[in-house]
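Colleague: heads up, no residue letters with this:
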């Protein structure tokens, strides 16, 4: 794991998939057939999110770690 952003994994009955969300990166999420697949997929999406932010000249937040939104 290259980045240390918090990832929330949960089962979505509606999507029939495990969802992986990264709360600190707006709109950053992925899915998978199981927890492992969702985690692998979201790591790729995190990289893409960060690269897009860099390309657009936007700030990239520093990982805060523990959930701050509950």
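Modeller: Looks like it came in fine. For clarity, every value in this text was computed on a predicted model and none was experimentally measured.
Colleague: What residue, apart from its backbone neighbours, is nearest the spatially most central residue of the chain spatially?
Modeller: Nearest to the mean C-alpha position of the chain, by CA atoms, centre = their mean, lies residue 22 at 3.3 Å. Nearest-residue entry for residue 22: residue 28, 4.0 Å, with adjacent residues in sequence omitted and distances by CB to CB, 6 or more residues apart in numbering. For glycine as for every other residue, the C-beta is placed from the backbone atoms N, C-alpha and C.
Colleague: Now do the one you found: how many residues are near it, please.
Modeller: Residues near residue 28, counting by other CB atoms under 10 Å, number 18.
Colleague: now it: how far from residue 48?
Modeller: Here the criterion is CB to CB, to the nearest Å. By it, residue 28 lies 9 Å from residue 48.
Colleague: cool, residue 37 as well?
Modeller: 17 Å.
Colleague: Looking at these two, which is more packed in?
Modeller: Set side by side, residue 37 and residue 48 show unequal neighbour counts under other CB under 10 Å, the larger going to residue 37 at 15 against 11.
Colleague: ok, back up a step: I'd guessed the residue nearest to residue 22 sits against residue 45; true?
Modeller: Yes: using CB atoms under 8 Å, residue 28 is in contact with residue 45, at 5.8 Å.
Colleague: which residue ranges form the strands in the protein?
Modeller: 8-12, 17-21, 29-32 (DSSP state E).
Colleague: Need those strands in CSV (columns: mean neighbour count and distance to residue 62).
Modeller: Converted to CSV, the strands of the chain look like this (neighbours: other CB atoms under 10 Å; distance: least, CB to CB, whole Å):
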stretch, mean neighbour count, distance to residue 62
strand 8-12, 12, 18
strand 17-21, 19, 18
strand 29-32, 18, 20
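Colleague: how about those in JSON lines, adding mean pLDDT?
Modeller: Formatted as JSON lines, these follow (pLDDT from 0 to 100):
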{"stretch": "strand 8-12", "mean pLDDT": "97"}
{"stretch": "strand 17-21", "mean pLDDT": "98"}
{"stretch": "strand 29-32", "mean pLDDT": "98"}
